[in-house]
Every structure is written in C-alpha cells, then in structure tokens.
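# Attaching a predicted model along with its sequence, questions to come.
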Amino acid sequence: MKICLQYMIDMKLIRKKAPFKVKTVVKYWRDAKFTVYANISESQHPDSWIPLAYDTYELELADNVEIKLPELTATDSIELASDEDSFTVTFAAHHPYEELDYLVIDHNLSEFSDLPEDVEPLPSFVLYADEDNVWGTDEAKYIAEEYGLSATYDAENTSWTVTVGGKALEQIRDLASKYRDNVFEIYSIVSDVKGFQSGFMHDGSYEMTKVKITVENIKTISLDKNEVILAIYDEVYQEITLTATIEPENATNKKVTWSSSNESVATVTQLDDGLRATVKAVGEGIAVITVTTEDGAKTAECNVTVIKVNEPVINKSQGKSYSTIQDAIDDAAAGDTIEVMAGIYRGNLEIDVEGLTLKASKPGTATIAPEDQLLKVK
C-alpha cells in the first residue's frame, strides 16, 4: 500500500487573513491518501483552513496497516412548516478506538458560500464532545445563544442534539427564500482527538441535512384605522399608533416598511414589533401613511389630516375644536369621538349622545374627580 504524505513547508503562507492563527494539524485519510493540513481559524471555527503549498512523498506501508476514521450520521431531512419557530437536528458519531473531539456544522448560507458580498452570512458552529461544555468557550456559547441555538452532547450515545430558532431561523428563512430556493443545507463532519475526521468540507464527503422550508405567502394587509385627524394645540402635537394585520396569520415573511407621503405634515416611526408604528403631527395638511409588505409588496393606507386648533377640545370625527367639553358634547353626533388636550376642566357634564366617546388626547391620562366635578387631563 502507498500513501501520500503532504505537509506544509512555509507557515507564513497561511498568514493572509489576520487574525487567523494556526490552531492544530488535521490528518485526513481517504482513498488510500493520508494528508496533513495546517488548520487555521478563529477560535470558534477550527474547520476553516485554506490550501497550502506542500511537498509530496510516497511511503511504503505494510498491507495490514489500517486507518480507522470516526463515523457520523445526521438527521437526513426536515420539513419546516411556516409557523414553526425552531427545528432540531441530531448528529450521532461512532469511533471504535478513539475518543471524539468536536463536531463542525457548516451550511449553504455561510461566508464560504456564494452569497452576494453585501449579504451578512450565517456563521458556522463547532460543538465539542463535552456534556458540560458543548460550545468549548464562553464566547462561542454567547454567539450561539445570540443566534438562537441550543445544543447538548450525550456522552453515552456519542451524539449531539442541536436546536435552531431565534435570529438564526429568521435569517435562514430570509436568505433561503432569496438565494437557496427555500432549502437550507447543513454540512457536518466529526473529528477524533487525534485529528482524524469523518469527512472533509472541501470534497463533499460530509454528512448533509436538508431543511425544506414551507413558505406561506401574504395575501392581504390592513390597518386598524383608515382615516384619522390629528391636532396641533399650543405646541402639543398629537400622535397615534397604527397597527397592521397580515393575513394569513402564519405568513412566513411578515417584514413591512412604513412611509409618509408628506413628512412636513406627519411622520411615521416603526415600533419594535414591526407591525405597529407611531404617527405624529408635524404641520397642517394631509398625508398618507402607507405600510408595505416585503413579501409581495402588498399595501394598506391611512389618510391623516393635521389641523391647528386654538381650543383644547376636539371632535375628531368632525375636525372641529371647542373651548369647553360641554360645547363639544352638545354639537356632537351619534358615534363621534371627542378628545381633550391636557388641562383641568371644571363643570358638570351632561351627555345625551348615543355612542359618544370622550377621551384624553393621550390614552390613559384622564382622571375624573366626582367630588368637585373636575376632569383632570395630564
């Protein structure tokens, strides 16, 4: 039997991408060829190396020499429904003679794939054969948890269980829909403590798990308000919150953008949950607030009218202002909404209008004190 021994002759050749460092030497055996690669990587990616210059020697070995490699099997395929918030993959390793060292998880959305340069890739991950410290370092554990990954190692069965959710799953859904025809491929290899691996990332001899992502497209989007009137009174600029509703509820991509047709009249600021936004009056006039879905460019609109008033009580249904609450009530029609600006209002209120709504301009800031018939608006 002949084997081919390749080794690096110039360590300087790998120092091309700081802060990469030489971490280990990886011995790789396949098709009667024994190869030694210098492994360069950041601490959390010990499988990231680049080709090196080497000399080649042929060595004569006895026929009974046998190289034992670790074996790895992984979950073959997963069907991921559009409403699922995580998926789990199991990696089971076996080695007849040596202890296992680590498991490398790469995929078709990593920095080594052909994603466009301006697209942020999903990192690769390394897990260790250690029940108490599966991520190896606190830094690696922090990164994994930030991405929504959790993992355990079962020493008795020499297997890892990895659950993917959170930011990682959101990124997988997004990038897989744009660049991978909704299929996320996971590539995995396992290494023993002597550096022998079950496969190799660069020749396709890894284990592959295919995650097929079901996509539920948006059919409609709507807003809870289609027409609103905002007032400007004595340097107080009213604002409201708009809420968008997407159908179906389990749509895969619920990302939206908000815009104002005239920011000199009203501005719109998207809130953290994405489907709500704050609209604030800026100046008199009319503006259209539009919410647009990333999936399918579906839209919904709200027409905003901003008025300047000299009186603190406003009939929002009619766009009129009044000096007293009672005047506004007397002039109101069934179903109207009256809003009251900040202040203290004295007097008994007589309400004889069906379905009338009386509220503070900012919800939750009005207090009625019956003992002296004061309506306090903060």
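Here it is on my side, so go on.
# When you work out contacts or count neighbours from here on, use the C-alpha atoms and nothing else.
Noted.
# What separation is there between the closest residue to Ala251 other than its chain neighbours and Val256?
Once flanking residues are discounted, Ala251 sits nearest to Glu216: 4.8 Å by Cα to Cα, 6 or more residues apart in numbering. Glu216 sits 16 Å away from Val256 when distances are taken as Cα to Cα, to the nearest Å.
# Now do stretch 129-136: distance from first to last residue.
9 Å.
# Now do the buried residues in it.
By neighbour count on 16 or more other Cα atoms under 10 Å, the buried set for stretch 129-136 is 129-130, 134-136.
# any idea which of those is the one closest to Gly319?
Trp135 (61.6 Å; Cα to Cα).
# contacting residues for the closest one?
Trp135 makes contact with 126-128, 141 under the criterion Cα atoms under 8 Å, 6 or more residues apart in numbering.
# and with 10 Å instead?
44, 102, 125-129, 141-144, 150-153 (Cα atoms under 10 Å, 6 or more residues apart in numbering).
# After the longest helix along the chain, which helix or strand is next?
The single longest helix within the chain, with elements called by DSSP state H, is helix 166-179. For helix 166-179, the following helix or strand on the C-terminal side (DSSP states H and E) is strand 183-192.
# relative to helix 166-179, how tilted is that next one?
Calculated by axes from the mean of the first three to the mean of the last three Cα atoms, to 10 degrees, strand 183-192 forms an angle of 120 degrees with helix 166-179.
# quick one, helices of the stretch 201-350 of the chain?
Using DSSP state H, counting those that start in this stretch, the helices found in the stretch 201-350 of the chain span residues 325-330.
# pLDDT weak spots in it?
The stretch 201-350 of the chain contains residues with pLDDT under 70 at 342-347.
# quick one, domains of this structure?
For the chain, automatic domain parsing gives the domain ranges 2-60, 71-213, 220-308, 313-377.
# show me the contacts for Lys254.
So Lys254 contacts 217-218, 221, 245-247, 274-275, 293-295 (Cα under 10 Å, 6+ apart).
# go again using 7 Å as the cut-off
Lys254 makes contact with Thr293 under the criterion Cα atoms under 7 Å, 6 or more residues apart in numbering.
# distance of it from Glu294?
Using Cα to Cα, Lys254 is found at 7 Å from Glu294.
# can you check Glu120 too?
Distance of Glu120 to Glu294, computed by Cα to Cα: 18 Å.
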